[in-house]
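Asker: Test case, fold it:
(one chain, ligands or ions: 1)
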Amino acid sequence: MALGSKEDHFSVQAISSFSYRLTTNHFFTDVALVTSLRDGMNLVSYEFVACQDEKKGVLILSEFAGAAQSLGAGALLVNPWNITEVAAAIGKALNMSDEEREKRHQINFLHVTEHTAQEWAEFFVSELNDTVVEAQLRITQIRPVLPVDCAVNNFLNCSNRLLILGFNAALTEAIDTPCRRGGDQVKDMNFKLHPELNGPLSVLCNDPKSTIVILSGSRRIDLDNNFGDYDMWLAAEHGMFLRHTRRGDWMTTMPEHLNLDWIPSVYHVFEYFKERTPRSTIELRDTSLVWNYKYADFEFGRLQARDMLQHLWTGPISNASVEVVQGSRSVEVRPVGVTKGSAIDRILGEIVHSKPLKSPIDYVLCIGHFLEKDEDVYTFFEPELPSDNGNHPRTKAFDTSKFPERPPPKPPANRGGSKASHGKTQRSTPNSEKMTNHSNGGVSRKQSSEKTSWNVLDLKKDDYFSCAVGRTRTSARYTIGSSDDVVSFLTRLAEASLSVS
Ligand SMILES: O=P(O)(O)OC[C@H]1O[C@H](O[C@H]2O[C@H](CO)[C@@H](O)[C@H](O)[C@H]2O)[C@H](O)[C@@H](O)[C@@H]1O
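Answerer: Modelled structure (predicted):
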């Protein structure tokens, strides 16, 4: 619709999609009102701006038009369902000062003239080329299925095993028919341990040769509710909080001055999208926020997620030190540098402090349905030299000075047959220095000249099993289909554990 004024008379003219390009309306119009309820782009808005360099007409634009993302800065954005808001915007546009009209027009005119069809075509072709490269990468990254027999046999042959388990979609029950379930029911099921895991987990937790860590993005309360009765380590919120279920309360590994002021405003944006996206949910944690559209219409959810990113980047997080992590069906906002991989050495440091190791860790299983960002936990344990096709153990030293309130652990005993110089008390070595750089990830670390490091890891290539649940493209070594397969696998490990106890 075009609004024109001539000597205090306003004329209102509806523009049909057939005729608008043929008229000169765009030139003499003072205000253009675009009220699309759903619109991929809306070309009229761009044409209007392009024609208005003399008149500096005002564009009132529906927030549901695709153009709102690029012309929103200069236009007056409205919700077309809200007629009071639309009326107010018309009033504002017609009474707008010349100065403001000029300013708003310039912003949009610059956008329209710079983002030409030529530029768009070049970008499109370059994106197309990128997809070819990405597709190739995807093919090369497809990983084999977890060799369960081998993982169980090696488990039996090792004496100090570390099992790092994700929670969501790895240890929870698979929900394949979400549309048939009610909203709250679905939400509740997200945070419930698979019922068939109770037995196997108890056996593994009671095995003196195994240490179990649940490393999850979930809140402390959700981990307490599900795992509080087991003898294990819990690392909540991607390792920002840590506790052993039998040895005390939660401790935090959060940097002291972590700024979390952005949380309320991000929550506000999430709420806006939750209201507009049926069956989407918000998970409010202490240090991060997740908007999940797992149970919503996938295509619609994806579009909403894209829109949400625009809102976030131009609004509440434009100056905050946070990262937006996009999942396949979620958007997560968390402080910069917080990943499961960056938490793992703090967790290992605490495990070593809490109970002296009898021998270095010689078997590691790391399994979860992690976000790509958190897959750094899989590579943490990889040997430094990927070309190393021998079976040389990986040794790792941990900075124990981070936890001064506890007595230092005893040096781990030597394990026969290993080729590496493990199990020795040592001063900080290049190895430990390297690990500090590798794992710091932006989270502040205590620096100390008194640093003492202990080698706690003696991992041969074949005794390391990193495994992504429900993914084929991953930086883990192996994949496994679903949480049901995880249940079967952990049951096999538990049986193996019982068979030798
Ligand atoms: O940290 P965990 O408890 O082991 O859970 C792993 C992540 O689960 C959620 O992300 C996964 O589900 C999302 C919704 O379907 C999907 O978008 C994402 O790709 C998956 O990784 C959760 O949102 C994350 O915070 C968890 O870390």
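Asker: Neighbours of residue 92, how many?
Answerer: By other Cβ atoms under 10 Å, 14 other residues sit near residue 92. Backbone N, C-alpha and C define where each C-beta goes, glycine included.
Asker: Let me see the contact set for the residue lying closest to it once chain neighbours are set aside.
Answerer: When the adjacent residues along the chain are set aside, residue 92 lies closest to residue 76, with 6.3 Å between them (Cβ to Cβ, 6 or more residues apart in numbering). Applying Cβ atoms under 8 Å, 6 or more residues apart in numbering to residue 76 gives the contacts 58-61, 89, 92-93.
Asker: Which secondary structure elements does the host helix or strand of residue 344 sit against?
Answerer: According to DSSP states H and E, residue 344 maps onto helix 340-354. Where contact means 3 or more Cβ pairs under 8 Å, 6 or more residues apart in numbering; DSSP states H and E, helix 340-354 is packed against strand 161-165, strand 210-215, strand 233-236, strand 241-244, helix 376-380, strand 394-399, helix 430-440, strand 452-459.
Asker: Could you tell me the least trusted of those?
Answerer: Lowest mean pLDDT of the helices and strands packed on helix 340-354: helix 430-440, a mean of 29.
Asker: what's the next secondary structure element after the lengthiest helix in the chain?
Answerer: Ranked by number of residues, the top helix in the chain under DSSP state H is helix 117-140. Later in the chain than helix 117-140, the nearest helix or strand by DSSP H and E is helix 148-157.
Asker: for that next one, packing partners?
Answerer: strand 363-368, helix 483-500.
Asker: If we use 10 Å, what do you get?
Answerer: Helix 148-157 sits against strand 161-165, strand 363-368, strand 464-469, strand 478-480, helix 483-500, with contacts defined as 3 or more Cβ pairs under 10 Å, 6 or more residues apart in numbering; DSSP states H and E.
Asker: can you list those in JSON lines and add mean neighbour count?
Answerer: Shown next, in JSON lines, are the helices and strands packed on helix 148-157 (neighbours: other Cβ atoms under 10 Å):
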{"stretch": "strand 161-165", "mean neighbour count": "24"}
{"stretch": "strand 363-368", "mean neighbour count": "25"}
{"stretch": "strand 464-469", "mean neighbour count": "25"}
{"stretch": "strand 478-480", "mean neighbour count": "20"}
{"stretch": "helix 483-500", "mean neighbour count": "18"}
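Asker: Just tell me which of the ones you listed ends up closest to the ligand.
Answerer: strand 363-368 (4.6 Å; Cβ to the nearest ligand atom).
Asker: do that closest one and the ligand meet at all?
Answerer: Yes - residues of strand 363-368 contacting the ligand under Cβ under 6 Å from any ligand atom: residue 368.
Asker: quick one, that strand and strand 210-215 angle?
Answerer: Here strand 363-368 points in a direction 30 degrees away from that of strand 210-215 (axes from the mean of the first three to the mean of the last three Cα atoms, to 10 degrees).
Asker: Does anything pack onto strand 363-368? Which helices or strands?
Answerer: helix 148-157, strand 161-165, strand 210-215, helix 340-354, helix 376-380, strand 452-459, strand 464-469, helix 483-500.
Asker: out of those, nearest to residue 224?
Answerer: Residue 224 sits nearest to strand 210-215 of all the helices and strands packed on strand 363-368, at 10.7 Å, using Cβ to Cβ.
Asker: Quick one: name the residues of the stretch 251-400 of the chain near the ligand.
Answerer: So far as Cβ under 6 Å from any ligand atom goes, the stretch 251-400 of the chain lies against the ligand at 290, 292, 294, 327-330, 332, 368-371, 374.
Asker: of those, closest to residue 300?
Answerer: Using Cβ to Cβ, residue 329 comes nearest to residue 300 of those, at 11.5 Å.
Asker: which residues touch the closest one?
Answerer: 280, 291-296, 298, 301-302, 305 (Cβ atoms under 10 Å, 6 or more residues apart in numbering).
Asker: Residue ranges in the stretch 151-300 of the chain under the pLDDT threshold?
Answerer: Low-confidence segments of the stretch 151-300 of the chain (pLDDT under 70): 175-190.
Asker: all helices in it, in order from the N-terminus.
Answerer: Per DSSP state H, counting those that start in this stretch, the stretch 151-300 of the chain carries helices over the ranges 183-190, 198-206, 220-227, 263-276, 298-314.
Asker: re earlier: taking the contacts of residue 76, tell me the two that lie furthest apart.
Answerer: 61 and 92 (13.1 Å).
Asker: Return the residues of the stretch 51-200 of the chain in contact with the ligand.
Answerer: Counting by Cβ under 6 Å from any ligand atom, the residues of the stretch 51-200 of the chain that sit close to the ligand are 166-170.
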